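Enquirer: Can you look at this prediction? I've put the sequence above it.
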Amino acid sequence: MSEPIIVDKKPVVLELEAGDYWWCSCGNSKNQPYCDGGHKGTDFVPVKFTLEEAKKVALCLCKKTNNSPLCDGTHAKL
């Protein structure tokens, strides 16, 4: 499997409404942090996550988190 593209070395913090979201795991999306299909032709697949209520989240942009799609601080080691 190839390595994802590091979009940024810090998370994006967003206030999201309840619902389903698709997080970009490859780094190719032009609509970060969400998938836009840029993974086509790669080994990557988007990660679906669901929020039951509106909340603030920190979504990973380095694509190295072990808790996708949420930031786990891995970017600090890059």
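Expert: The structure has been received and is ready for your questions. Numbering: from 1, shown residues only.
Enquirer: Quick check: the gap between the most far-flung residue of the chain relative to its centre and Gly19.
Expert: Residue farthest from the centre of the chain, counting by CA atoms, centre = their mean, is Glu53 at 19.0 Å. The gap separating Glu53 from Gly19 is 10 Å, by CB to CB, to the nearest Å. C-betas here are computed from N, CA, C, even on glycine.
Enquirer: got it, and Asn67?
Expert: 20 Å.
Enquirer: Same check on Leu51?
Expert: As judged by CB to CB, Leu51 and Gly19 stand 6 Å apart.
Enquirer: got it, and Pro11?
Expert: Taken as CB to CB, the span from Pro11 to Gly19 is 20 Å.
Enquirer: ok, Leu51 and Gly19, which is more surrounded?
Expert: Leu51 (13 against 10; other CB atoms under 10 Å).
Enquirer: Count the neighbours of the closest residue to that one other than its chain neighbours for me.
Expert: Among residues not flanking Leu51 along the chain, Ala18 sits closest, at 5.1 Å (CB to CB, 6 or more residues apart in numbering). Per other CB under 10 Å, the neighbour tally for Ala18 reads 10.
Enquirer: separation between Ala18 and Gly38?
Expert: Noted for Ala18: a distance of 26 Å to Gly38, by CB to CB.
Enquirer: what's the answer for Glu15, then?
Expert: Counting by CB to CB, the gap from Glu15 to Gly38 is 25 Å.
Enquirer: Looking at the two, which one has more neighbours?
Expert: Comparing Glu15 with Gly38 by other CB under 10 Å, the one with more neighbours is Gly38, at 18 against 8.
Enquirer: didn't the more buried one look like it was pressed against Lys30?
Expert: Yes - between Gly38 and Lys30 there is a contact at 6.7 Å, judged by CB atoms under 8 Å.
Enquirer: coming back round to it: in contact with the residue farthest from the centre of the chain, which residues?
Expert: Applying CB atoms under 8 Å, 6 or more residues apart in numbering to Glu53 gives the contacts Ala18.
Enquirer: Just the pLDDT at it, thanks.
Expert: In this model, Glu53 is scored at 98, pLDDT.
Enquirer: Doesn't His75 belong to a helix?
Expert: Yes - the assignment for His75 (DSSP: H, G, I helix; E, B strand; the rest coil) places it in a helix.
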